[in-house]
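1. Make a model of this:
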Amino acid sequence: MKAQIQHTELENTSTECQKLIVAKQYLDQHCPLEFGSHKDVSSYVVYYNHLMVFFADGQHCGLKNCKQFVALCGHREAPSAILLKKADGMHIELSFDTGCEPGRHDRAHLNDVQYETPLSPVSGTGEALSPMWMSFVSGVQHALVNQQDRKCYRAKNGDDYQL
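-> Residues are numbered from 1 along each chain as shown. Sure thing, here's the model as predicted:
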């Protein structure tokens, strides 16, 4: 029984890691690095007002378009989340967690990548449209409807950055 549970956990980890591979391809397409790929990054840090990525061999670089990094949560040396902005104005959130799947198995401890989609109706009552967020790992789609649902980050200049 125990072996069967461990086998199931490995299958789930494998599936989640595969979803992160797709998420990193999405990042390479919409927020490319100066060189290399997001799939090879071993850590993300914020150095002054720039997002820096480090690779296992010690090399480092930033985003090809440094203005795409807009905000973070947590410490600059080990952020819990990084917010990027695509050319179309939609956001991408990278979240990190070393204590749970799949972040425990990812080289950079990337736990999920969520991306903002264009405005979508929240309800059929004719209320205002709200951005929807999709998760690469869980596939869950959710809207930020109420003020308390809004995500808040720290912008590069130290001010609040609220979606």
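
2. ok, the residue nearest to residue 106 when sequence neighbours are not counted - contacts?
-> Closest residue to residue 106 apart from its sequence neighbours, by Cβ to Cβ, 6 or more residues apart in numbering: residue 20 at 6.0 Å. In this view, the C-beta of every residue, glycine as well, is placed from N, C-alpha and C. The neighbours of residue 20, taking Cβ atoms under 8 Å, 6 or more residues apart in numbering as the test, are 102, 106, 110, 113, 136, 137.

3. among those, who's most crowded?
-> residue 110 (25 neighbours; other Cβ atoms under 10 Å).

4. any idea of the pLDDT on that one?
-> As predicted, residue 110 sits at a pLDDT of 92.

5. where exactly do the helices run in this protein?
-> Ranges of helices within the chain are 2-30, based on DSSP state H.

6. For the most centrally placed residue in the chain, give me its contacts.
-> The residue lying closest to the centre of the chain (Cα atoms, centre = their mean) is residue 94, at 1.5 Å. Residues near residue 94 by Cβ under 8 Å, 6+ apart: 27, 44, 81, 82, 84, 110, 112, 113.

7. With distance to residue 98 added, can I get those in a markdown table?
-> A markdown table is the format used below for the contacts of residue 94 (distance: Cβ to Cβ, whole Å):
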| residue | distance to residue 98 |
| --- | --- |
| 27 | 20 |
| 44 | 13 |
| 81 | 14 |
| 82 | 15 |
| 84 | 21 |
| 110 | 10 |
| 112 | 13 |
| 113 | 16 |
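
8. Go through these and name the one nearest residue 154.
-> Of all those, residue 81 has the smallest distance to residue 154: 10.0 Å, by Cβ to Cβ.

9. I'd say the closest one and residue 74 touch.
-> Yes - applying Cβ atoms under 8 Å as the test, residue 81 and residue 74 come out as touching, 6.7 Å apart.

10. neighbour count winner among these two?
-> residue 81 (19 against 15).

11. closest to residue 155 among the contacts of residue 20?
-> residue 113 (20.2 Å).

12. who's in contact with the closest residue to that closest one other than its chain neighbours?
-> In space, and not counting its chain neighbours, residue 113 is closest to residue 23: 3.7 Å by Cβ to Cβ, 6+ apart. The contact partners of residue 23, by Cβ under 8 Å, 6+ apart, come to 110, 112, 113, 136, 137.

13. Could you tell me how many residues sit around the closest residue in space to the last one that isn't next to it in sequence?
-> Of all residues not flanking residue 137 in the chain, residue 112 sits nearest, at 4.5 Å (Cβ to Cβ, 6+ apart). Neighbourhood size, residue 112 [other Cβ under 10 Å]: 21.
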